[in-house]
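Participant: Let's see this in three dimensions:
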Amino acid sequence: MNRILKLILVFALVASKFALTGEIGMKKQIDELKTTLRGKKIGYITNPTGVDENLNQIADILVADNASQIVAFFAPEHGLRGDQQAGGRVTDYIDSVTSLPVHSLYGANNAPSDEQLKNIDALLFDIQDVGVRFYTYIWTMTHCMEAAAKKGIKFVVLDRPNPIGCERVEGAPNKNDNGLIGRLFPNAPFGVPVRYGMTVGEFATLVNNEWLNPKADLTVIKIPGYTRKMSFKDTGYPWVLPSPNMPTIDTALVYPGMCVFEGTNMSEGRGTTKPFEIIGAPFVNGVELAKKLNELSLPGVRFRPAYFQPTFSKCKGESCGGIQVHVTDIETFDAIRTGLTVLKTVYEMYPEQVKITPWTTKLMGIPDLENRIKTESVDALLNESASDLAAFKKIREKYLLYK
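Facilitator: Reported below is the predicted structural model:
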């Protein structure tokens, strides 16, 4: 009897795992996508992450299907091919591979123009996001949704998993309109938390129903078998770096908090192989900093002394001391609390050398963070947004597509 029960359990686990793999999930998704787009002329908003489970480009799959027609690409920050660094220039051009026009959505224009949409029946958004408010792709999506709504054309989201998870909602919602790192719609009393705990399809649904006027004709191609508890690895979806400084899932996990160092004179690890996982500066003693941080016993994380020379960006060519963030428990790790604690600790160690700018406020959504981090506790800084965070969670619940 025990042997039979064990066999049943093993079979159930294998079947469950098989049902949740990208092989099945993406095939069903792509079939639904083809049906949705059949007969339409498509404007395709994408980057190198627009692939299936076998790393075939979704664009190639749609072209081979011959039931719809891609007539133009639209490129977000970092470009259609992902070759531009953060803030790099993205221009209009003719793609050498497909001979199709590529229209920039980063720089002078954040949305397609009426002229660019003239011969388009549907806009398709297909980009792997990282689930963080100040990662620009979701805001590019909202601008494109507005353009589609204005022209009366369909807007389709090929949904993809949230790599840092869909359960936790953390960090202060932005109170100001910060453009592509956090829009604030005119009819919204507050914005979006740093970590909003949704897929791009869910987020598009929330924005469309709560904040857009007029609404877009939105269709979300859901992820079959996806659940909120799943890790990215469990989904079977491939990880293709969505931007040059987001090479791994480990990077994405720490990014919501460690990106705060963009707003300092310290290196956030750009120009190294571990962006956002390592931070430091020429004046930092990595051994002492790691020791102080580990003594705080922050949940789910340990710190290792790190020494490095960035090849570009801040501190280029300089020998830096600092720390590497090692996540030991994904379930208990709080990226935002960790990032703020590291910043406060390193400032207390080097108050004359560490320079903190207003960019930290824009990123983290905490008013006057560049000054208050020096004198107030991390708990106090995080707790003041509790009511806005609770209100966002209540709105969010209405638009969750997965259990």
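
Participant: Could you spell out which stretches of the protein belong to which domain?
Facilitator: Per the record, the chain has its domains at 21-238, 249-372, by automatic domain parsing.

Participant: Give me the distance from the shortest one to the chain's centre.
Facilitator: For domain 249-372, the gap between its own C-alpha mean and the chain's C-alpha mean amounts to 19 Å (Cα atoms, centre = their mean, to the nearest Å).

Participant: Now do the end-to-end distance for it.
Facilitator: Counting by Cα to Cα, to the nearest Å, you get 31 Å between the two ends of domain 249-372.

Participant: any idea of the mean pLDDT in it?
Facilitator: Averaging pLDDT along domain 249-372 yields 98.

Participant: Also the longest one?
Facilitator: When pLDDT is averaged along domain 21-238, the result is 93.

Participant: Now do the contacts for Leu117.
Facilitator: By Cβ atoms under 8 Å, 6 or more residues apart in numbering, the contact set of Leu117 is 43, 123, 147-148, 151, 153. For every residue, glycine as well, the C-beta is placed using N, CA and C.

Participant: neighbouring contacts of stretch 294-301?
Facilitator: Against stretch 294-301 from outside (Cβ under 8 Å, 6+ apart): 302-303, 325-334, 337-338, 341, 345.

Participant: still on that earlier bit, indicate which one of the domains of the chain is closest to Ser387.
Facilitator: Ser387 lies closest to domain 21-238 among the domains of the chain, at 9.2 Å (Cβ to Cβ).

Participant: Just the buried ones out of the contacts of Leu117, please.
Facilitator: 43, 123, 147-148, 153 (16 or more other Cβ atoms under 10 Å).

Participant: circling back: got a ChimeraX select line for the buried ones in the contacts of stretch 294-301?
Facilitator: Of those, the buried ones go into a single ChimeraX selection, burial set by 16+ other Cβ under 10 Å:
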select :302,303,325,327,333,334,337,338,341,345
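
Participant: Of the contacts of stretch 294-301, which pair is most distant in space?
Facilitator: Glu331 and Thr345 (23.6 Å).

Participant: list the buried ones in stretch 56-71?
Facilitator: Neighbour-count burial for stretch 56-71 [16+ other Cβ under 10 Å]: 57-59, 61-62, 68, 70-71.

Participant: dump the residue contacts of the residue most central in space within the chain.
Facilitator: Among the residues of the chain, the one closest to the centroid is Val130, at 2.4 Å (Cα atoms, centre = their mean). Contacts here follow Cβ under 8 Å, 6+ apart; on that basis Val130 touches 162-164, 242, 246, 252, 255.

Participant: Kindly report the same for Val346.
Facilitator: With the criterion set at Cβ under 8 Å, 6+ apart, Val346 makes contact with 266, 279, 284, 289, 354.

Participant: That one belongs to a helix?
Facilitator: Yes: counting by DSSP: H, G, I helix; E, B strand; the rest coil, Val346 is part of a helix.

Participant: before we move on, back to that, and the buried ones among the contacts of Val346, selectable in PyMOL?
Facilitator: Per 16+ other Cβ under 10 Å, the buried members of the contacts of Val346 correspond to this PyMOL selection:
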select buried, resi 266+279+284+289+354
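
Participant: okay, the contacts of Val346 in CSV with distance to Tyr106 and secondary structure next?
Facilitator: Converted to CSV, the contacts of Val346 look like this (distance: Cβ to Cβ, whole Å; DSSP: H, G, I helix; E, B strand; the rest coil):
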residue, distance to Tyr106, secondary structure
Met266, 26, coil
Ile279, 26, strand
Val284, 33, coil
Leu289, 35, helix
Val354, 30, coil
